[in-house]
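Chemist: Could you look at this predicted model? Sequence included:
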Amino acid sequence: MKFSIGSGKHDVMAALKEKGISRRDFMKFCAAVSAAMAADATFTPTKVAEALTAKERPTVVWLHFAECTGCSESVLRSTEPDIATVIFDVLSLDYHETLMQCAGEAIEEVLHKTVKEKEGQFVLVLEGAVPTKDGGIYGKVGGKTMLSILEDVYPKAKATICIGSCSAYGGVQKAAPNPTGAKGCSEALGGAPMINVPGCPPNPMSFIGTVVYYLTKGMPELDEYGRPTLFYGETVHENCPRLKYFEEGLFAPSFDSEEAKKGYCLYELGCKGPDTYNNCPKVLFNQVSFPIQAGHPCIGCSEPDFWDEMSPFYEEG
C-alpha cells in the first residue's frame, strides 16, 4: 500500500478496476451503504457512488491509542466487495500506523508533515481510549503520550470521527477500576466535539456511511452521545428478528435449549437490545449476520460505559 502526501486527485474507478473490483461490485457496495443510510432517502446507490468517486479525495489521518485494533480489523476483513480496498481508494489515507509499511521515525515524519501541510483540511479518525492519569504516561507512541498527541493533532483537523467504543467513550480501558485513567477522546479533551461511531467493533457500514454523509452534506445529526442518528436512532430491540417472540412471552431458557435454536427471544438470558441504540439487525456484519441472529444476547457495546453499566452480560437487565 502506497502512502503519499499530495493533491488527493484520483480516479477511483480506475484504481478499483486494477484491484479486481468491477463497477458492478462497486455498485453493490454502494447499494449496501445506501441501505445502511435508509433513514435518509436522498442517499440512493447512485448518490453514494458519486460521493465516493469524487476526484478530490479527503486526506485522512488515522491515529491509534489504547485499543486492540479490532475496529481497523473489522474494516479490513469486510467483504463483498472488500470495503478496505474501497475506503483506501476513496480516501487519501496518509497515516495509519497499523497499515503503513515503514516504522519508527519515518512514520512520525509522515504524521507531522501531513498535519502541517494539510492543517484545517484533513479528517482525523481516532481509534482507542486515551490514558490520562499522571499526565498520560501509561500510553505512549514515539516517546509522546497519546494525550499530548491528541491535544496537538485534534485542533488542526477539519473534522474528527471516533471509530469504536474505546475512542468514543473509553471502552474496556475505562472499565473499573481504570488504573490508567482512560477516557474517550472527547472526554479527554474536556468535551471537544467529535462524531462517535461506537461499537465493539462498529459495523464498517456505519463508518463509511458517516464518511459519505460528511463528504456530501457535512456534519450529520448527532444524538446526546455524539452518535449519528442515521445509524444509532433506534434500539436493537425495535428491529430484532426475535421481537415477535418477546411480545408473545416466548423466551429461550438457555443458550443450548431448543427454544434458543428456534430463535426465541434472548432477553431473559441478558440481552441488552432494549437499551442499546445501534443498527445491527438492519445492517448485518458482512451482510450475513449479527450477534442476536447467531444466538448470542446483545451486550450493549455501542452504549457509553457498557462494560460497567451493562454487566453482568448474561443476566436480565
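Modeler: Right, received. Where do you want to start?
Chemist: where does the stretch 51-200 of the chain dip in pLDDT?
Modeler: 55, 78-91 (pLDDT under 70).
Chemist: residue boundaries of the strands in it?
Modeler: 59-64, 92-96, 123-127, 130-131, 140-141, 144-145, 159-163, 182-183, 195-197 (DSSP state E, counting those that start in this stretch).
Chemist: if you compare the ones you listed, which one is most tucked away?
Modeler: Compared across the strands of the stretch 51-200 of the chain, strand 130-131 shows the largest average neighbour count, a mean of 30 (mean count of other CB atoms under 10 Å). For the C-beta atoms, the positions are set from N, CA and C on the backbone; glycine is no exception.
Chemist: Give me the contact list for that strand.
Modeler: 65-66, 136-139, 145-147, 150, 173, 180-185, 188 (CB atoms under 8 Å, 6 or more residues apart in numbering).
Chemist: now the strands of the stretch 51-200 of the chain as a markdown table including distance to residue 103?
Modeler: Converted to a markdown table, these look like this (distance: least, CB to CB, whole Å):
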| stretch | distance to residue 103 |
| --- | --- |
| strand 59-64 | 13 |
| strand 92-96 | 13 |
| strand 123-127 | 18 |
| strand 130-131 | 22 |
| strand 140-141 | 12 |
| strand 144-145 | 16 |
| strand 159-163 | 22 |
| strand 182-183 | 25 |
| strand 195-197 | 28 |
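Chemist: among those strands, which is nearest residue 74?
Modeler: strand 159-163 (8.8 Å; CB to CB).
Chemist: before we move on, the earlier item: in PyMOL, how would I select just the buried ones from the contacts of strand 130-131?
Modeler: A single PyMOL command is used to select the members of the contacts of strand 130-131 judged buried by 16 or more other CB atoms under 10 Å:
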select buried, resi 65+66+136+138+139+145+146+147+150+173+180+181+182+183+184+185+188
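Chemist: How much space separates the nearest residue to residue 315 once chain neighbours are set aside from residue 296?
Modeler: In this structure, residue 315 finds its nearest non-sequential neighbour in residue 270, 5.0 Å apart by CB to CB, 6 or more residues apart in numbering. Relative to residue 296, residue 270 is positioned 10 Å away (CB to CB, to the nearest Å).
Chemist: Equivalent analysis for residue 165, please.
Modeler: 17 Å.
Chemist: Looking at these two, which one has more neighbours?
Modeler: Legend: neighbour count by other CB atoms under 10 Å for residue 165 and residue 296, higher for residue 165 (30 against 17).
Chemist: wait, isn't that one in contact with residue 182?
Modeler: No. At 11.8 Å, residue 165 does not count as touching residue 182 under the criterion of CB atoms under 8 Å.
Chemist: residues shared between the contacts of those two?
Modeler: Shared contacts of residue 165 and residue 182, defined by CB under 8 Å, 6+ apart, are found at residue 171.
Chemist: residues in contact with the closest residue to residue 69 other than its chain neighbours?
Modeler: The shortest distance from residue 69 to any non-neighbouring residue, by CB to CB, 6+ apart, is to residue 98 (5.7 Å). Contact analysis of residue 98 by CB under 8 Å, 6+ apart lists 64, 69, 72.
Chemist: Tell me where the stretch 151-300 of the chain has helices.
Modeler: Secondary structure of the stretch 151-300 of the chain (DSSP state H, counting those that start in this stretch): helices located at 165-169, 171-174, 185-188, 204-217, 229-232, 243-247, 258-262.
Chemist: out of the ones you listed, deepest packed?
Modeler: For the helices of the stretch 151-300 of the chain, the largest average neighbour count (mean count of other CB under 10 Å) is found in helix 165-169, namely a mean of 29.
Chemist: Packing partners of that helix?
Modeler: Helices and strands in packing contact with helix 165-169 are listed as strand 123-127, helix 171-174, helix 185-188, strand 195-197; criterion 3 or more CB pairs under 8 Å, 6 or more residues apart in numbering; DSSP states H and E.
Chemist: so which of those comes closest to residue 235?
Modeler: strand 195-197 (16.9 Å).
Chemist: Sheet partners, orientation included, of the closest one?
Modeler: strand 159-163 (parallel) (DSSP bridges).
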